[in-house]
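**Student:** Show me how the following folds:
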Amino acid sequence: QVQLVESGGGLVQPGGSLRLSCAASRLTFSNYIMTWYRQAPGKERERVAGISTAGDMPNYADSVKGRFTISRDNAKNTVYLQMNSLNPEDTAVYYCNARRYADNLVYWGKGTLVTVSS
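**Tutor:** Next comes the predicted model:
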């Protein structure tokens, strides 16, 4: 059974940083486009950042551009989200999404909570 397990969430003060990880198992990781989404309380899920199978084409939502960096390590089956200059509007549950390039098969993780508060 495919698993995507997010980690690294927590409570951080405004202006702080966190690094999220998403470890994938039981899939051929290098065949999947990886994306981070987030969902704040009372809001719809939104796309935060995505990265191509080879890791050479990261893209970002305007709201996080210049503050967040997505990366992946195909040898470790892991995708990361480095989040800097966090503000309260970044508070959300962050989800990892894997989409297979060939046929758009999709898997989701269960999420990790990020809370930005003083």
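
**Student:** so D103 is in which element?
**Tutor:** Assigned by DSSP states H and E, D103 belongs to no helix or strand.

**Student:** any idea how far it lies from N59?
**Tutor:** For D103, the distance to N59 equals 21 Å [Cβ to Cβ, to the nearest Å]. All C-beta spots, glycine's among them, are computed from the backbone N, C-alpha and C.

**Student:** more neighbours, those two?
**Tutor:** In this view D103 and N59 are compared by other Cβ atoms under 10 Å, and N59 has more residues nearby, 12 against 8.

**Student:** neighbours around the residue lying closest to that one once chain neighbours are set aside, how many?
**Tutor:** Nearest non-adjacent residue to N59, counting by Cβ to Cβ, 6 or more residues apart in numbering: G50, 5.3 Å away. Residues near G50, counting by other Cβ under 10 Å, number 19.

**Student:** Can you check what pLDDT the model gives G50?
**Tutor:** pLDDT, G50: 98.

**Student:** That one sits in which helix or strand?
**Tutor:** In this assignment (DSSP H and E), G50 forms part of strand 46-51.
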